[in-house]
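In: build me a structure from this.
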Amino acid sequence: MAFPWNRGDAQDQIAPAQARRRARGRRARQEEAQTERTNLTSDQRHQRVAWGVGAGLLVLVLGIVVFGFYNEFYKPPRVWAGSVRDQEFKMGDLVERIRVLQGLSGKVDLSTVPFEYLRNLINAEVLRQAAPGLGFSLTDDDVNQVLRAQFYPQVPEGQQSNPGQLEEEFQNSYNIFLARTSLTDAEFRVIVKEQLALQQLGMMLGRTIPETAPHVEVEWIRADSDGRSDVAAVRRRLGDGQGVGGENFAKVASEVGTSAGFADQQGYVGWVPKGAFPDLDDALFGDDERDRPPLAIGEISGPLFTQDGVYIARILSGPEDREFTFQMHNKLNGELVTKWQNDEQAKGADEGWLRMNFNSKLYSWVADQVALSAPRVAPGQQGAPPGPGSQGGLQGLPGGQGFPGGQR
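Out: Numbering: from 1, shown residues only. Prediction:
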């Protein structure tokens, strides 16, 4: 029993106990709060790590996408492809030029590497810059004459015509052609002007061809360079160098030969001038500087590998001075144009004003881009321009559209 005189002592004993309980409560609450803060901090840390990893992955994915877009779409068209003095060409320019040719011919053979198309683009620019020094220039009137020769309606002799109607038909025909080829008037005029410049160059060089030159009478068997023909086996069928023990040359030629427009079905070519087929000159005419004699009359050559195919040739007679046939004159003329272009390229490379970027990966990209363009007009289809060497406004152009020298 608490006596009145002991109440103060009891209260004094109760107070510390309550204080201790409150202290324990505070410590418990503090420990709980600390635990909560620790747990919250840990959760926040994990959350921040998760967000960081997610953001990093997102940046990585976006980086891959951006890098892929840059490498596949943005960078290639802007990569430098070549230059002639201060005139530069990008890979995108090359794609556009090939698409123009694709529009003109209906398709482009991509087995011919795009590098060859770049060479043609460079050649056209070299000739454009060289034209004033060569003594010829081209005007819009020259281009207009070609367009009219190709697209102006032909009126039969003796038939009356309305000039206004003919002009309207001319414009309609030309516009239909542009629509079918997806070309603009400016793009086609550039092509025509380049063709005219090449024609002018051919005419200028053609005047250097003499009236007569050494010729040999030749027959040959030609095979493509794609490896489909076993040229060694064909040569064995012909026997030894004089044909002893072999089959008839004409018979073998008719069975396995692939003509490029100069030999008939039996392989007979006729009289060939020196220089018309430069890769065959050593075999047909010899090389005095390197002490290489020509084939003897009646002798059958071994396989002769050239850029245009594999040949097995036999000289039937000659050499003798003869006048040129129209076909051989044009062939030699085309070779002179090609030689001029090659000489200018070599000169430009040596002097540093002509450069080309050969990059097989980028040219593969060019081929892929061109392959996406479907053919738009086929040769011979209404509205298509005449093919190289055909009758038309650009008749007589050596080698045709951007490819001087033509077939062999």
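
In: my guess is residue 124 contacts residue 194, does it?
Out: Yes - at 4.5 Å, residue 124 counts as touching residue 194 under the criterion of C-beta atoms under 8 Å. C-beta here means a position set from N, CA and C on the backbone, and glycine is covered the same way.

In: who touches the spatially most central residue of the chain in this structure?
Out: Relative to the mean C-alpha position of the chain, the nearest C-alpha, by C-alpha atoms, centre = their mean, is the one of residue 114, at 2.1 Å. When contacts are counted by C-beta atoms under 8 Å, 6 or more residues apart in numbering, residue 114 is found next to 94, 98, 363, 366, 367, 370.

In: mind checking how far it is from residue 103?
Out: 16 Å (C-beta to C-beta, to the nearest Å).

In: what does residue 294 give?
Out: From residue 294 to residue 103 the distance is 45 Å (C-beta to C-beta).

In: those two: which has the busier surroundings?
Out: Using other C-beta atoms under 10 Å, the more surrounded residue of residue 294 and residue 103 is residue 103, with 24 against 18.

In: please identify the helix or strand for the more buried one.
Out: Using DSSP states H and E, residue 103 sits in helix 91-105.

In: following that helix, which helix or strand shows up next?
Out: Following helix 91-105 in sequence, per DSSP H and E, is helix 114-134.

In: got the angle for that next one vs helix 91-105?
Out: Using axes from the mean of the first three to the mean of the last three C-alpha atoms, to 10 degrees, the inter-axis angle of helix 114-134 relative to helix 91-105 is 90 degrees.

In: just the CA atoms of whichever helix or strand comes after helix 114-134, as PDB, please.
Out: Counting by DSSP H and E, the next helix or strand C-terminal to helix 114-134 is helix 140-151. Once non-C-alpha atoms are left out, helix 140-151 reads as follows in PDB (Å, rounded to 0.1, in the frame of the first residue of the first chain):
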ATOM      1  CA  ASP A 140      21.100  24.300-127.700                       C
ATOM      2  CA  ASP A 141      20.300  24.500-131.500                       C
ATOM      3  CA  ASP A 142      22.500  21.400-132.100                       C
ATOM      4  CA  VAL A 143      20.500  19.500-129.400                       C
ATOM      5  CA  ASN A 144      17.200  20.800-130.900                       C
ATOM      6  CA  GLN A 145      18.200  19.500-134.300                       C
ATOM      7  CA  VAL A 146      18.800  16.000-132.800                       C
ATOM      8  CA  LEU A 147      15.500  16.000-131.000                       C
ATOM      9  CA  ARG A 148      13.600  17.000-134.100                       C
ATOM     10  CA  ALA A 149      15.400  14.300-136.100                       C
ATOM     11  CA  GLN A 150      14.300  11.700-133.600                       C
ATOM     12  CA  PHE A 151      10.800  12.800-132.700                       C
END
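
In: send me the next helix or strand after helix 140-151 as CSV with only the CA atoms.
Out: Moving toward the C-terminus from helix 140-151, the next helix or strand (DSSP H and E) is helix 163-181. Presented in CSV, the C-alpha positions along helix 163-181 are these (Å, rounded to 0.1, in the frame of the first residue of the first chain):
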residue,chain,number,x,y,z
PRO,A,163,3.0,22.7,-139.8
GLY,A,164,1.1,23.5,-136.6
GLN,A,165,-0.2,20.0,-136.3
LEU,A,166,3.3,18.5,-137.0
GLU,A,167,4.8,20.7,-134.3
GLU,A,168,2.1,19.5,-131.8
GLU,A,169,2.7,15.9,-132.8
PHE,A,170,6.5,16.4,-132.2
GLN,A,171,5.9,17.9,-128.7
ASN,A,172,3.5,15.0,-127.9
SER,A,173,5.9,12.3,-129.0
TYR,A,174,8.8,13.9,-127.1
ASN,A,175,6.7,14.3,-123.9
ILE,A,176,5.5,10.7,-124.1
PHE,A,177,9.1,9.6,-124.4
LEU,A,178,10.1,11.6,-121.4
ALA,A,179,7.2,10.3,-119.4
ARG,A,180,7.9,6.7,-120.3
THR,A,181,11.6,7.0,-119.4
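
In: so which elements touch helix 163-181?
Out: helix 140-151, helix 185-206 (3 or more C-beta pairs under 8 Å, 6 or more residues apart in numbering; DSSP states H and E).

In: 7 Å instead, please
Out: Packing partners of helix 163-181 (3 or more C-beta pairs under 7 Å, 6 or more residues apart in numbering; DSSP states H and E): helix 140-151.

In: any stretches of the stretch 101-250 of the chain with poor pLDDT?
Out: Counting by pLDDT under 70, the ranges of the stretch 101-250 of the chain that qualify are 106-107, 109-113.

In: in the chain, which spans are strands?
Out: Remark: strands assigned in the chain by DSSP state E are 80-84, 87-90, 212-223, 268-273, 304-306, 309-323, 354-356.

In: related to what we said a few turns ago, ok, the contacts of residue 114 vs residue 161, which is closest?
Out: Of all the contacts of residue 114, residue 98 has the smallest distance to residue 161: 39.5 Å, by C-beta to C-beta.

In: give me the distance between residue 348 and residue 81.
Out: 15 Å.

In: so for those two, which residue has more residues nearby?
Out: Set side by side, residue 348 and residue 81 show more neighbours around residue 81, with 27 against 18, by other C-beta under 10 Å.

In: quick one, what contacts the more buried one?
Out: Neighbour list for residue 81: 89, 90, 91, 93, 94, 118, 357 [criterion: C-beta atoms under 7 Å, 6 or more residues apart in numbering].

In: and residue 295, how many residues sit next to it?
Out: Neighbour count of residue 295, defined by other C-beta under 10 Å: 19.

In: now it. Its backbone dihedrals?
Out: Dihedral pair for residue 295: phi -60, psi 140, per degrees, to the nearest 10.

In: leaving out the residues flanking it, which one is nearest to it?
Out: residue 315 (4.9 Å; C-beta to C-beta, 6 or more residues apart in numbering).
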